[in-house]
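[1] here is a sequence with its predicted model. Questions after.
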Amino acid sequence: MLPHILILDDEERIRDLLAQYLDDFDEFVVRGAESGEQALGMLREQPADVAVVDMRLPGMSGAQFIRKARSLGLCRRFLVHTGSVDMVLSDELKELGLVRRDLFFKPAGADDILARIRELLPEAGV
């Protein structure tokens with residue numbers, strides 16, 4: 001069974017480009033969502049192994065989404081993909097298991113994100 005990856009970004013172009021890039025490797029089932037609320041609905045139907053999450057979203061923030069998805073057991077590992085160049089991991093995100101290597105600044109190279117996903121999958125039990 002292939003690992004499930006969720007791309008959560010309200011910018012359709014970024015979401016689609018990253019999803020298409022990851023999908024080209026035929027290693028994952030990749031889905032995209034434009035809001036935290038939509039992503040949680042998708043995860044309730046099919047949990048993800050790794051979620052790539054934008055922090056600035058309409059409605060629920062990326063940090064709120066990560067906290068909720070983790071507390072519901074819908075995803076175990078998260079990557080932050082943000083356009084906020086001054087973003088640092090909050091203590092809350094660190095407590096949820098995120099480390100500096102899980103933080104990517106836009107425009108991050110998709111190959112760097114792919115490499116980190118591959119590192120995380122064994123930790124996610126895949």
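    Great, that's in hand. Numbering: from 1, shown residues only.
[2] list the helices and strands the longest helix along the chain packs on?
    Counting residues, the longest helix found in the chain (DSSP state H) is helix 110-123. Here helix 110-123 touches helix 12-23, strand 48-53, strand 75-82, strand 103-105, going by 3 or more CB pairs under 8 Å, 6 or more residues apart in numbering; DSSP states H and E. Where you see a C-beta, it was placed from the backbone N, CA and C, and this is true even at glycine.
[3] which parts of the first one are buried?
    Just to be clear, that refers to helix 12-23. Neighbour-count burial for helix 12-23, counted by 16 or more other CB atoms under 10 Å, picks out I14, R15, L18, A19, Y21, L22.
[4] could you point out which element follows it?
    From helix 12-23 onward toward the C-terminus, using DSSP states H and E, the following helix or strand is strand 29-33.
[5] and that following strand, which strands flank it?
    Partners of strand 29-33 in the sheet, by DSSP bridges, are strand 4-8 (parallel).
[6] the strand it pairs with vs strand 75-82, what angle?
    If you take axes from the mean of the first three to the mean of the last three CA atoms, to 10 degrees, strand 4-8 sits at 40 degrees to strand 75-82.
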